[in-house]
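[1] got a structure for you, letters missing:
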Ligand SMILES: Nc1ncnc2c1ncn2[C@@H]1O[C@H](COP(=O)(O)OP(=O)(O)OP(=O)(O)O)[C@@H](O)[C@H]1O
Ligand SMILES: Nc1ncnc2c1ncn2[C@@H]1O[C@H](COP(=O)(O)OP(=O)(O)OP(=O)(O)O)[C@@H](O)[C@H]1O
Ligand SMILES: [Mg+2]
Ligand SMILES: [Mg+2]
């Protein structure tokens, strides 16, 4: 009993000693948010589906395998979501499509993030002429509606999955530049940045060690939420026939292909549409949750 | 104030030059030399060259750009490669459709979003709040072209209430407006809610309550006016997006707006139309943004002070 | 030993703003001896922080010389300046924004040590951190906590430990206690005093609280709109204030005692905008003793008693 | 209490408790305080950050945010009117009319999108049913009263400096001649010279309108300037109360003593400060016994066991400290 | 063309004119036609798309025209013509008092000369007048055109809408708008590219007015939307509804389905100069691996006819019993083996624009992967695809493309497979998408052109087809149907198998 007590005290002491990271904090906040957890579970499932789909499905046979005789069959026990105009199993295609949509969304946001953070952070920190030029470029990019911008970029570079990612990425760069710059500007004036300067830390290191980590949360939130819009944007381009080349089962192009069959075979558009919605929905729920968890104002 | 407006309008110039250059550069990289698609299969090399000259496609990118800007300054957006029509004329033909759609869309969105967002914020964490937020999330997650298809399926095909497309009459605008308006309303609802929540925490509302202002007035008079500022921002951004960017809804509903014009022109490598329409759209967007900023000034005297000084 | 550590000559810092040139610090000179504390007092916006930051060259002065141990740090290259920073540190007013919320206390305190390669070994560095924490009175168990988990007093101690880490000679304390409760304030003031005695530190102590500065400084400098209006040893200033502004300030201090009811000098209006200033005594618009010739120019800072400087046409 | 005194009572509170139920636990902000205030008197409510001063004032206004705040009270009367049972719409008539409050931070207390004139006029329109023109006129008078030219009524808060904003807040609070004014640290955010101006102004106005006031502050200097009575709060409880002289010159509670000792003495600059050791207890987890016990120099076992109750030492002076069970006990503080 | 069920035989111009000649009849004022493709230009010499052709049909006239029923050449703007004995000089008699639709400019023989001269500079029209060496205006009402060699199809070419007569005066006055004005039964009223174009009837037309006052082409890009618009009564004619939706027309008592076999040949164009594709065995493997029936099933919901010939179905010289490359993957594999390439070694890109072409490509892709050839589908916009095809760099490998029979057999083979000598080298002709430069073939084509004896000429075309069948420059896929949904009471339109319909006499008689 006695020993037990001291043991516990010791444990508590080591616990206090242990590093409790900001990440853990966020996680604790997140756990309380039902929506975020649902979103997280959903998105994890979707990611798992995306990762595992090549194992679960034979691409050549199940996903792009044509059975012209079986075309346009409504949902049944054999084909849960029915078959499309080439007799391909829509269920398999929707499952496999998660790979494309997620990849496009994530890579596009990554592109936007990379360009946006570099330019935005530099603009915010350096200021002056450089900032002016970057912000004017940013103005130019943001005054062209982003869908049109992406369309133009894809048609310029040619249709391919990578170009699609690039186009969506480039088209959504401007907001990231803005967010990064604004975040850096806020942090830039914090006294701890000045303190770092006071101990003789060089500028680049200040950006890297103090400024970026403190902007990161905002940027992560933006990124999560933007993956959703990037997925929608990519689907839009596919819908306009500018997306992932056939026969890849990208959801947007499935929707596009299904639309001429909408009157009698509405399931062809229903399921890929639902898939997009579900993915974006879960990303949004998660993103909202993270934002709330990170926002100190909402903590209390 | 006037100086501020003037300054903003002057800022338009470099942005427009940049937009024009960007489009020029992008279309230059684009696969497919427009001359060949215009010339047809049987064109001889001489004819190709003559045509190239006629289309103003001779010379380097920079030369063409400078020529274009020269014409632009004269108010000439050039003529379409395809229809040979004046781009300005074609753009102006489309603009009313786009404006109609955008306006109705905004009315639908704002009309839904602001009351919903306020209710959600005032009754934070209640059933009403949760419901409207779930709805908003769904609205936000729904690709609008898919929503458009579903609306057609249901309201046009099953019920036959609205036409599926075309630009005649009020009935034909209803479905496109709902399609574009839904995601917008969703976004605005969320913005309204979070902006309102922010304001509801502010001390000056406590001051108002301490004065004996009724709760209704605290929300509708004191809080809303302050909450409007971020809402206006989103409104501005979205309005400009709707102006040029509701391509998808325009495609689904065969709505002959500006977005569709640009996309078709990109399809046809009709560079003058693409550039012209985008330059005009940029101009419009900037003007809308300017108006939004002026509305800001109206709502928030602090911002007005910034403009006037 | 009373040698001059810091000698500031004709320091100016102007900011460009959209409405014109803002004279935040306008031609001030002072010197400060080793192991002494200079109190810098004035109303909000009078340029105290700007002075402190300019002295450390955290912002580039518009003009002027800052001689630290006889060498002009304004002329140092970026690299040399970085080395020089070891000797001059700052403690900030706001214990909440002056600590990086993403770093643990260990990281915050060890940063200046690792950054300046004072101790390279990680183990030894941690020992040093613990030592510093002990010096400022922070429990060892807090070493891996984050600033937001601590209260203001403890956070301010972290700020002090960070400043001490490099064993500086000069520390600029920019209102280090004004955000704290009285009981905590006293703890920190005592700590700073102790450290000064133990380590031979020299302080520039910025505050707007005259009773604190009275308790803490050897010499006091009163600023008004970017300029020094009066400078004197503490005792002298409190017993024999000369400048009308100093007098008003002193009389305005609320004293928690019922024994004496003092005659209060109340000033009209508030500190004017430091932009586009007219060429006259800066205090003239609020001065209750102002006469015509106060408006003919800026009064020079003149020595009236040994060590007692005043800038006033009326009283010199 | 004589009849006369009872009629004089502006504020009468019995056993006020406020707790905030947050995700991190229940914050017991106010833990059963009794307060009374007579006409034309000024009470200073003193205490460290988080002692529950603002919360007390908000509870009197019935403005504690719910959620998370929960108010419990046995009695809350203003000029004999029971405030506790009033419905919300009746409360609106009381607020700003009978009781007003000046909030802690003048920078955020004014609505940035309305002119200061409108903000002053608003309460006049509500309570005195003035037309908007008359209300504007009166608002101008109020501005002049607090020393701001009436032409500036059409300006917005951002065009005012901190001191002027604070005056506007005061003007709003005084617009309808309230019987009771709750001033929550009205000068903390201001510079010394401005602080002096504002305090002077408040003293004047108080005289002029016969207003009773509760002055919330942690600055004992301010208390000495304006208050007739003082209540010292610690962790949601009143630990000592009495007249200004009682508390300043015949200090009883160790905490009050600690507060005085922490202040630098303007007369004796060499004197070493004697701070109170340690920190305020965590309000979600208050100790069983006296909340101040862990920091107290005179602590005994009895302090850790039970909450000390307020006891009267003289007619006006009361203290909550177990140590006074021993009639020999006295604290070290001597008045200079 | 069979006449069972929904099939409606085309009516001849004469019948129509009779039908609408009744001076007392009253017709619906406006007819709106829902079209799939936009009118892109109003200058007949600047384009040759179906959509534009239909507009020119309304606004412009050619010297001669083809009787839709008989396929014979009948007078157009010219009242009659004579051919010299050597077949080199064509003399046309022109009417007098004809005005252009601007209402003031008179039509003269000079306008014909101007038009044909202008055509020489047009990349679309120049091929049609390449044989013309002289144009001689005899008087206001007569013009003589001299050819460099006899051309059995000259009048056919002159009936092409690209040879519509323009006004010299108007064209020189306004280079952009002048060519848009013709002598046709209608004039353009309003044009909103991407939305609609409306025509108003020419009240001064010499042969009597058209029955309908306004004709509107309204663009609906989405086939399903277009049909719904017809069902909802927003439009009177729906061109090319989705084959999957045809049932809705048949089930609707107010509507009628017009269905005729079209003469649009869908084929796989092979750039025979590209590595791999220059190997005839690979091309044969492609031919064997092309599952035409599946393509028809997927692309046209089964409503199409397999096509194995190298010219169009109703063209002169079609070899009915041509040897067929039946869909057979085993044979394809054999051919592939003969080519010397290894499995997986070859990757081809196929360009497509429309959805049904993409579907055909998808079917081909699946089959080719069976024999070890990778097929990458490059979906492109029509304009980009066209410019890639037309670009002399010829950066493409395969393309799913179509050929519409509008002209004679010579025109088809010469353009699709022929080449001409330029600076000592053979250069492919314009529409030669397979990039054949085969002197033997050119010789065969030339011989057939000048052969006057019809049956001999037919034999010569049979030989050309057999020759092509051996070298497989293209893989023909199918022809499908022209589908049109119309309101039941519509009459007067000429539904052409080329999809270039004639709306001049379209009308809805009021009851
Ligand atoms: N970076 C800057 N850009 C422009 N103006 C500045 C800047 N920093 C300070 N100022 C201005 O310079 C003046 C002096 O500011 P400073 O912060 O030095 O005052 P202070 O005496 O420290 O005031 P406080 O007591 O409020 O801290 C002020 O008017 C301030 O607005
Ligand atoms: N809205 C709230 N939600 C949760 N806790 C609150 C809330 N408002 C105040 N508290 C807590 O209640 C306690 C008392 O707060 P209060 O604001 O009354 O203190 P105070 O004495 O006015 O302090 P200060 O001097 O800082 O103004 C504190 O611990 C505070 O954190
Ligand atoms: Mg400062
Ligand atoms: Mg408070």
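    Received it, and whenever you're ready, just let me know what you need. Not measured: the values here are computed from a predicted model. Residues are numbered from 1 along each chain as shown, chains lettered A, B, ... in the order given. Ligands and ions are numbered 1, 2, ... in the order given.

[2] And the residue of the stretch 51-200 of chain D that's closest to chain B?
    Closest approach of the stretch 51-200 of chain D to chain B (CB to the nearest CB) occurs at residue D:96, with a separation of 3.6 Å. Placement of C-beta: from N, CA and C, glycine included.

[3] Could you pull out the strands in chain C for me?
    For chain C, the strands defined by DSSP state E cover C:4-17, C:20-33, C:37-42, C:63-68, C:71-72, C:88-91, C:170-174, C:202-207, C:219-224, C:227-233, C:302-305, C:308-310.

[4] Tabulate the ones you listed in CSV, adding columns for mean neighbour count.
    Output for these, formatted as CSV (neighbours: other CB atoms under 10 Å in any protein chain shown):
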stretch, mean neighbour count
strand C:4-17, 17
strand C:20-33, 19
strand C:37-42, 26
strand C:63-68, 18
strand C:71-72, 12
strand C:88-91, 27
strand C:170-174, 25
strand C:202-207, 25
strand C:219-224, 25
strand C:227-233, 24
strand C:302-305, 13
strand C:308-310, 21
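
[5] quick one: contacts of the top helix by length along chain C?
    When chain C is parsed with DSSP state H, its longest helix is helix C:182-199. By CB atoms under 8 Å, 6 or more residues apart in numbering or on different chains, the residues outside helix C:182-199 that reach it are C:35, C:37, C:135-137, C:151-153, C:156-157, C:160, C:164, C:167, C:173, C:176-177, C:180, C:201, C:203, C:212, C:215-216, D:48, D:218, D:220, D:258-259, D:261-264, D:272-277, D:279.

[6] ok, for the residue of the stretch 151-300 of chain C found nearest ligand 2, nearest residue in space, not its chain neighbours?
    Of all residues in the stretch 151-300 of chain C, residue C:181 sits closest to ligand 2, at 7.9 Å by CB to the nearest ligand atom. Nearest residue to residue C:181, sequence neighbours excluded (CB to CB, 6 or more residues apart in numbering or on different chains): residue D:48, at 4.5 Å.

[7] so where's the stretch 201-316 of chain C uncertain?
    The stretch 201-316 of chain C contains residues with pLDDT under 70 at C:260-261.

[8] for the stretch 1-150 of chain B, same thing?
    B:31-32.

[9] How many residues are close by residue 133?
    I'll assume chain A. As a burial measure, residue A:133 scores 12 neighbours (other CB atoms under 10 Å in any protein chain shown).

[10] Not quite, go with chain E.
    Burial of residue E:133 is recorded as 12 neighbouring residues (other CB under 10 Å).

[11] Next, it: secondary structure please.
    In three-state terms, and counting by DSSP: H, G, I helix; E, B strand; the rest coil, residue E:133 is strand.

[12] contacting residues for the residue nearest to it when sequence neighbours are not counted?
    Counting by CB to CB, 6+ apart, residue E:148 is the residue found nearest to residue E:133 once chain neighbours are left out, at 4.8 Å. By CB under 8 Å, 6+ apart, the contact list for residue E:148 reads E:88, E:131-133.

[13] hmm, which two among these are most spread apart?
    E:88 and E:132 (10.4 Å; CB to CB).
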